[in-house]
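**Q** just a sequence and a predicted model for now, questions to come.
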2 protein chains.
Amino acid sequence: MFGGMSNLWKKSFQEAFEGKVSFSDSEDLRRKLASDHTEDLVFMPGLVVEPANTQEVQEVLIWSNANGIPVTPAGAMTGLSGGALPVEGGISLSTRRLNRIICIDERNHQVVVEPGVIVQELQEAVQACGLFYAVDPASRGTCTIGGNLAENSGGPRAVKYGVTKDWVLNLEVVLMDGTVIQTGANTLKNSTGYNLTALMVGSEGTLGVITRATLKLLPWPRHTALMLVPFGDAEAACRAVSEIFQQGNQPSALEFMERSAIELAAEFVGIAPPAMDASTQAHLLIEVDGFEPSALMPQLERIYPAVNACGAGEPLLAEDEAAKNQLWRLRRVVGEAVKAASTYKEEDTVVPRGTLPELLEAVKAVGASHGFESICYGHAGDGNLHVNILKRGVSEEVWEKELPVAIRAIFEKVVALGGTISGEHGIGWVQRPYMDLAFGPAELRLQQAIKDQFDPKGLLNPGKIWPVEVSKI
Amino acid sequence: MFGGMSNLWKKSFQEAFEGKVSFSDSEDLRRKLASDHTEDLVFMPGLVVEPANTQEVQEVLIWSNANGIPVTPAGAMTGLSGGALPVEGGISLSTRRLNRIICIDERNHQVVVEPGVIVQELQEAVQACGLFYAVDPASRGTCTIGGNLAENSGGPRAVKYGVTKDWVLNLEVVLMDGTVIQTGANTLKNSTGYNLTALMVGSEGTLGVITRATLKLLPWPRHTALMLVPFGDAEAACRAVSEIFQQGNQPSALEFMERSAIELAAEFVGIAPPAMDASTQAHLLIEVDGFEPSALMPQLERIYPAVNACGAGEPLLAEDEAAKNQLWRLRRVVGEAVKAASTYKEEDTVVPRGTLPELLEAVKAVGASHGFESICYGHAGDGNLHVNILKRGVSEEVWEKELPVAIRAIFEKVVALGGTISGEHGIGWVQRPYMDLAFGPAELRLQQAIKDQFDPKGLLNPGKIWPVEVSKI
């Protein structure tokens, strides 16, 4: 099946696994795992392997470890930092067949899943039992729980319910030498040894392959209310975010969108944007949730004075489920809409949320001085601002040369504000050049030393997270 | 100042640090750090060192690392697993002088503290700004935030607000070689590199000395309502715990106490216990909280049918703050009261909460078969049951020989239920013999390998967490 010198390892893989584990070197399949949603990067894997259970993952990793073949775990390829790109070739280990919801434990409010389960399918399955898995990335309809675990994904509800790490009780992980470990226990509290669970979550598939996760659930607060609040000034909208919390409110989502973000999204979806004054520069999308419908409007009514004090215009209240879905749809497609509009580079900045106005001002100032246009939106309640820098009229030369300088200037401001360079997308492949801003050499060396304990040969998702200088230490 | 061969290192320390860093070998001071609240263990440190800032911690660790002297970080010595006992002698590094609240950041809902700050002082300082630090161990009036970070402490409010790890954004840590690291950023979300923050929390002072912590705060939900609910059957009380959550309620505390626990506590405090029927075997102490006083009673009214369906008796509602304080005082002193009543051994079991009735049944069965009496109480809403095994009439020989067998039998059941051997006290010194039940050799080796990266000479809080066989690998 496989020819050529460089393909000897594939022949050897075929001999070992033919008829035992599902794999393919079809160009179509390899191409599917060669790109994610990060810019326009393409890295072809040599083989796509699709194990169907933990034992098959073990066997594939043992073989790869013995034969020195890189292995990159891959889910739905919706990542935004290139975390699942097989940048050194070798095997893309797809979780496509590891897609079972093993058990919804209603008594203990827990669910056990395999990594290939689609997040929205998980949400809907537990909702059918009156339970709630809150983590809700924009790509929830396609992204997998395994990818969410790898990147410690967030989403709009993180402001009230936390990010992926806050929902993980226990993981089954296969290490590169084939050892299967359990990182914790199926309990809400755990002070037993080092927190290997938290170490795995967000490690971007570099420490082991997660084959099973026990996740916490909550009773489902099935009622929500949603309003879109316009501001004449984007920085005033950011100030309002802080004010909402100062007044003791706890929205279940608190999203920021510049005017251009919502306009692009509406154009992309093919609908009219929400009615807005000519002076509107930004919006906050504010959701509250609860178990009692009657408790929702009072929550929004408490929030409104806080935003009004910061100069908000008349809020648009979503009158019914269809109106809510339409507003959420606009918010969810902003990323795709920007991508469709122009070559761009997205930065996943995160700062202490009260400093958002300073961050936004700095982003615009850096853009102005380098001649870049940017569209900003994101999870303002967490201080997590997605900064999309557009290529549009910029020449290839300026884009190549000036963009890294501009990004570095933005990240320097982020770090000066107490923030860091990724809130929920991960470092993956594309943010590595900026890791020196987030961590000093000591922290980077410690992380690398931990990696070496889990994967001494450096074969699992190689080339990720650390800048080249550090990863060569 | 120091004489004798075995004290040569102390003389050398004195020469290096006299007039620079505060230290002492007074027997009184050393004795204070020789014991914690765990059983009646005594391990005298050779020296007590009390650095006043990060640089002094650095200098002490550099010297100790160079001279091969063990260093055990120590807070208020309220630990319940012996985590801060200097079991190999050397230096007890007290955080007593590292006791500043550096900054309450009201805009960002964060606080920066040194490790020696007493938890209750932190709570009260932020409450004065309308903010809330929820972690609330029974020892909050004396325990330090550094100790809470080391052991990943919980307390009654964990059921709604999580444990210490859920409140930590960023840590400044001095490693044994004197390197100062920042584990994260001051942000609510972070997907930048490995989660060193979560690795540090709960590592029991074995990886580094935390010198500064940035903690998350929330707006203070200052109103609470509290009721004490009696049950004729302790297992029915445990079943009711599960039912409360099934019905979609979110109490801010949900504590379980056997009848004997509350009686001992009342006797210890010197007050009459709450009126109870002769048939009462256990109580649930149920608290709800919120921003609006008017929302509290409806919450309790929704909870009552759930417990009533499990056979609860007439609830005792705390009518005012004094009544609430008295009920909480009884709950908080149970540990001390048990200690005053008999030599005992406390186990910090934790299971998926729906399985509490099975755990309680197993504890009683094991006790019966080995001839031990036990008093059980704890954070039932988290599935975290403190099992106190009393010596009372048991002979020294039986206590020594049978107790470890009985504990192992209890922990085997805990693990079979999906639980683990410590929910919030840590492994420290006393639970090491049972770590093989919580983790297999692969997980233990990985933890030890991580330890080696942070502290290659094994000088920082030696002798803790791992069973001897593993720690000698």
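**A** Yep, it's here. Numbers count the residues shown, from 1 in each chain, chains lettered A, B, ... in the order given.

**Q** what parts of the stretch 1-150 of chain A come near chain B?
**A** When proximity is defined by Cβ under 8 Å from any Cβ of the partner chain, the stretch 1-150 of chain A lies next to chain B at A:Asp105, A:Glu106, A:Arg107, A:Asn108, A:His109, A:Gln110, A:Gly130. Just so you know, the C-beta spots here come from the backbone N, C-alpha and C atoms, and that holds for glycine as well.

**Q** looking at those residues, which are in strands?
**A** Counted as lying in strands by DSSP state E, out of those, are A:Asp105, A:Gln110.

**Q** with neighbour count added, can I get the residues of the stretch 1-150 of chain A next to chain B in a markdown table?
**A** A markdown table is the format used below for these (neighbours: other Cβ atoms under 10 Å in any protein chain shown):
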| residue | neighbour count |
| --- | --- |
| A:Asp105 | 19 |
| A:Glu106 | 16 |
| A:Arg107 | 13 |
| A:Asn108 | 23 |
| A:His109 | 23 |
| A:Gln110 | 24 |
| A:Gly130 | 14 |
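
**Q** any idea which of the residues of the stretch 1-150 of chain A next to chain B is closest to A:Gly383?
**A** A:Gly383 has its nearest neighbour among the residues of the stretch 1-150 of chain A next to chain B in A:His109, at 29.1 Å by Cβ to Cβ.

**Q** ok, and the closest non-adjacent residue to the closest one?
**A** A:Leu217 (4.5 Å; Cβ to Cβ, 6 or more residues apart in numbering or on different chains).

**Q** what distance do you get for that neighbour to A:Leu131?
**A** 4 Å (Cβ to Cβ, to the nearest Å).

**Q** between these two, which contacts overlap?
**A** A:Ile104, A:His109, A:Val111 (Cβ atoms under 8 Å, 6 or more residues apart in numbering or on different chains).

**Q** can you report how many residues lie near the closest residue to the first one other than its chain neighbours?
**A** The shortest distance from A:Ile104 to any residue that is not its chain neighbour, by Cβ to Cβ, 6+ apart, is 5.0 Å, and that residue is A:Val111. For A:Val111, the count of nearby residues is 26 (other Cβ atoms under 10 Å in any protein chain shown).

**Q** redo the residues of the stretch 1-150 of chain A next to chain B as a markdown table? Include pLDDT.
**A** Output for these, formatted as a markdown table (pLDDT from 0 to 100):
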| residue | pLDDT |
| --- | --- |
| A:Asp105 | 97 |
| A:Glu106 | 95 |
| A:Arg107 | 93 |
| A:Asn108 | 96 |
| A:His109 | 96 |
| A:Gln110 | 98 |
| A:Gly130 | 95 |
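
**Q** how near is the residue nearest to A:Ile104 to A:Phe132?
**A** 11 Å.

**Q** common neighbours of those two, please.
**A** Joint contacts of A:Val111 and A:Phe132 (Cβ under 8 Å, 6+ apart) are A:Val126, A:Leu217.

**Q** low pLDDT regions in the stretch 1-150 of chain A?
**A** Along the stretch 1-150 of chain A, the parts satisfying pLDDT under 70 run over A:1-6.

**Q** all the strands of it, residue numbers only.
**A** With strands called from DSSP state E, counting those that start in this stretch, the stretch 1-150 of chain A shows them at A:22-24, A:47-50, A:71-74, A:91-94, A:101-105, A:110-113, A:131-132.

**Q** can you put the ones you listed in a markdown table and add distance to B:Pro274?
**A** Shown next, in a markdown table, are those (distance: least, Cβ to Cβ, whole Å):
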| stretch | distance to B:Pro274 |
| --- | --- |
| strand A:22-24 | 64 |
| strand A:47-50 | 61 |
| strand A:71-74 | 55 |
| strand A:91-94 | 59 |
| strand A:101-105 | 35 |
| strand A:110-113 | 34 |
| strand A:131-132 | 35 |
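
**Q** out of the ones you listed, nearest to A:Thr179?
**A** Of those, nearest to A:Thr179 by Cβ to Cβ is strand A:71-74, at 14.6 Å.

**Q** elements contacting the closest one?
**A** helix A:54-67, strand A:91-94, strand A:209-216 (3 or more Cβ pairs under 8 Å, 6 or more residues apart in numbering or on different chains; DSSP states H and E).

**Q** which strands border the second one, and is each parallel or antiparallel?
**A** So the one you mean is strand A:91-94. Sheet pairing of strand A:91-94 (DSSP bridges) gives strand A:47-50 (parallel), strand A:71-74 (parallel).

**Q** enumerate the residues of the stretch 351-473 of chain A near chain B.
**A** Within the stretch 351-473 of chain A, the positions near chain B by Cβ under 8 Å from any Cβ are A:351-355, A:379, A:382-384, A:415, A:418-427, A:431, A:435, A:438-440, A:442-444, A:446-447, A:449-451, A:453-454, A:465.

**Q** narrow these to those in helices?
**A** With DSSP state H as the criterion, helices contain A:415, A:435, A:438, A:442-444, A:446-447, A:449-451, A:453-454 from among these.

**Q** hang on, A:Val49 packs against A:Leu29?
**A** No - using Cβ atoms under 8 Å, A:Val49 makes no contact with A:Leu29, being 10.4 Å away.

**Q** neighbour count winner among the two?
**A** Set side by side, A:Val49 and A:Leu29 give different neighbour counts by other Cβ under 10 Å, the larger being at A:Val49 (23 against 18).

**Q** which residue is the nearest non-sequential neighbour of that one?
**A** A:Phe23 is the one closest to A:Val49 (Cβ to Cβ, 6+ apart), at 4.4 Å.

**Q** list the contacts for the one you found?
**A** Counted by Cβ under 8 Å, 6+ apart, A:Phe23 has contacts A:Phe13, A:Gln14, A:Phe17, A:Leu47, A:Val48, A:Val49, A:Glu50.

**Q** now it: how far from A:Val60?
**A** 8 Å.

**Q** and what of A:Gly290?
**A** 46 Å.

**Q** try A:Pro51
**A** For A:Pro51, the distance to A:Val60 - Cβ to Cβ - is 6 Å.
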